[in-house]
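J.: Output the structure for:
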Amino acid sequence: MGTQTFTMTDESLEQGGFYVPQFELRIEGVGLPRDVLRDVQEVTYHDDINEIDGFEITVNNWDPEKRSYKYVGSETPDSLQGTSDESVRQRLFDPCNKEVTLWMGYPGKLQLMMKGIFVSLTPNFPSGGGPTLTVGALNLLHRFRGEKHTTVFEHKTPSEIAKTFTLTNPATHTQLQVVVSSNAQQDEPELPYVLQDAQYDLTFLMSLARKNGYVVLLLEELTDELGNVTAPAQIYFGPSDDTGLRKATVEVGWGKSLMEFKPTLTTANQIKSVKVQGWNRDTKSVIEGKASITDSNIDFNGNLKELLNVCDPHEEQVVNEPVFTEEQAKSRARDILLNRFRDMATPSATTVGVPDIRAGRNVVITGAGSRFSGNYFVTQTTHTIGSSGYTTQFNARREDPDQGGQS
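T.: The predicted structure is shown next:
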């Protein structure tokens, strides 16, 4: 998967000037009826590198002509079992394993945001204003938890462990393959012993990723213009800065394309070095590994690294880590140091709706000075289409290399 960088001018040309935002929602492969589509007040999609993606739609739940509730509130036991148009409408959003697909974007350029299932139904009967119904969905990972397993892995790297997994959906007999970073595998230490202790496979993979400074992301399937699948959905396991991970990088600028921009720079809880200690049961001796921001393999942004030197943050010592070799202890110390540093500069921003801005991808922020201009890894996004148009709000963390920021 190659990486492309798009400016907002490129995106505007691609998305038809950001006019007339659209969404498409299909339930079991069928689009919403027109009368239901007119009831939709807002569609919100959200993703997060630490959570399962999902979306909510809010619809008008009141029929002023019949003076009754459209979807929830007027149903009866008989109508819920019936075949009339009214009965079908009352069951339309039931959270009962219906597969739903959401696209968002602009005319002629809708992008697949997620495939999933309805999981919640929340009617709102307010004291003022019209009744509404909010329906929530989670992506397909929600159905790939399967059974809990207990497995021992010996003398394998984290990526070698991850590659042994194929997530399976017992209900539909579908599978998701795990793909890893070929770049990261070259530097990974071998882990003498790793235990999956009565855990779902997905939960174990996420835990293994966190311990090694990695992320676990669902890569949605790719389709061509005719809707044919060109690449199946997969699970990515690896570092967040892997060049093969991102399908697109969007460049946004304060004073140009960003509607709101709120960056936070914090030195609280920052560290200059990390020491990880373990215990060798065979030799009855301490296993120790250390990482420092002065190490050649710690690739920090130069401006922020200098700030750390001036602020003189403390050294953090991590004890009781399950490490078995000095190499593993050093690798773990480096991961802790890098992950802590990535949280030093964290912006929250809002821009016009851009489907390419997604958790697990990159944005390049310009026009914000050397401390905040640069490359960021998107950790969370919220895409909303409603009465105010289409907006994308995102949170991110600084992940550019050891060089001065862009201004």
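J.: all helices in the chain, in order from the N-terminus.
T.: Taking DSSP state H as the criterion, the chain carries its helices at 8-14, 34-39, 77-81, 85-91, 158-163, 182-185, 201-211, 302-311, 326-342, 369-372.
J.: buried set for the third one?
T.: Going back to what we said before, that points to helix 77-81. Neighbour counts over helix 77-81 (16 or more other C-beta atoms under 10 Å) mark no residue as buried. Yep, even glycine has a C-beta here, placed from its N, CA and C like the rest.
J.: returning to what we had before: okay if I get the helices of the chain as TSV plus mean pLDDT and distance to Glu56?
T.: Listed next are those as TSV, based on pLDDT from 0 to 100; distance: least, C-beta to C-beta, whole Å:
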stretch	mean pLDDT	distance to Glu56
helix 8-14	69	25
helix 34-39	93	14
helix 77-81	91	23
helix 85-91	91	19
helix 158-163	93	31
helix 182-185	77	35
helix 201-211	89	22
helix 302-311	74	36
helix 326-342	84	29
helix 369-372	85	31
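J.: could you dump the ones you listed to TSV with distance to Arg143?
T.: Below are the helices of the chain laid out as TSV (distance: least, C-beta to C-beta, whole Å):
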stretch	distance to Arg143
helix 8-14	33
helix 34-39	25
helix 77-81	25
helix 85-91	20
helix 158-163	20
helix 182-185	28
helix 201-211	10
helix 302-311	41
helix 326-342	30
helix 369-372	39
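J.: Which stretch among these approaches Thr351 most closely?
T.: Nearest of these to Thr351, taken as C-beta to C-beta: helix 8-14 at 7.6 Å.
J.: still on that earlier bit, out of the helices of the chain, nearest to Lys109?
T.: Among the helices of the chain, helix 8-14 comes nearest to Lys109, with 6.4 Å by C-beta to C-beta.
J.: Show me the domain layout of this structure.
T.: If you go by automatic domain parsing, the domain ranges for the chain are 5-143+248-263+345-398, 148-238, 267-342.
J.: out of the helices of the chain, which comes closest to Tyr106?
T.: Of all those, it is helix 8-14 that lies closest to Tyr106, at 8.7 Å by C-beta to C-beta.
J.: Please list all residues in contact with Asn375.
T.: Residues near Asn375 by C-beta atoms under 8 Å, 6 or more residues apart in numbering: 362-364, 398-400.
J.: Sitting in strands, which of these do you find?
T.: 362-364, 398 (DSSP state E).
J.: which among those residues gets closest to Leu110?
T.: Val363 (21.2 Å).
J.: Report the contact partners of Asp63.
T.: 69-70.
J.: now do Pro263
T.: 345-348, 368, 371-372.
J.: can you tell me how far it sits from Pro347?
T.: According to C-beta to C-beta, to the nearest Å, Pro263 and Pro347 sit 4 Å apart.
J.: what touches both of these two?
T.: In contact with both Pro263 and Pro347: Phe372, using C-beta under 8 Å, 6+ apart.
J.: Pro107: which of the helices of the chain is closest?
T.: helix 8-14 (12.0 Å).
J.: And the pLDDT for the nearest residue to Thr203 once chain neighbours are set aside?
T.: Computed as C-beta to C-beta, 6 or more residues apart in numbering, the closest residue to Thr203 that is not its neighbour in sequence is Arg145, at 7.5 Å. For Arg145, the pLDDT comes out at 70.
J.: Same check on Asn50?
T.: In this model, Asn50 is scored at 84, pLDDT.
J.: residues contacting it?
T.: 206, 379.
J.: cool, Thr267 as well?
T.: Counting by C-beta under 8 Å, 6+ apart, Thr267 has contacts 307-308, 311, 313, 344.
J.: rerun at 6 Å
T.: Neighbouring residues of Thr267 by C-beta atoms under 6 Å, 6 or more residues apart in numbering: Cys311.
J.: Gln393 contacts His383, doesn't it?
T.: No - with contact defined as C-beta atoms under 6 Å, Gln393 does not count as touching His383 (8.1 Å).
J.: Who has more neighbours out of these two?
T.: Neighbour tally, Gln393 and His383, criterion other C-beta atoms under 10 Å: the higher count belongs to His383, 27 against 18.
J.: any idea how far the more buried one lies from Ser120?
T.: Distance of His383 to Ser120, computed by C-beta to C-beta: 19 Å.
J.: ok, now Thr164?
T.: To Ser120, Thr164 is 34 Å away according to C-beta to C-beta.
J.: quick revisit: burial of the residue nearest to Thr203, as a residue count?
T.: 17.
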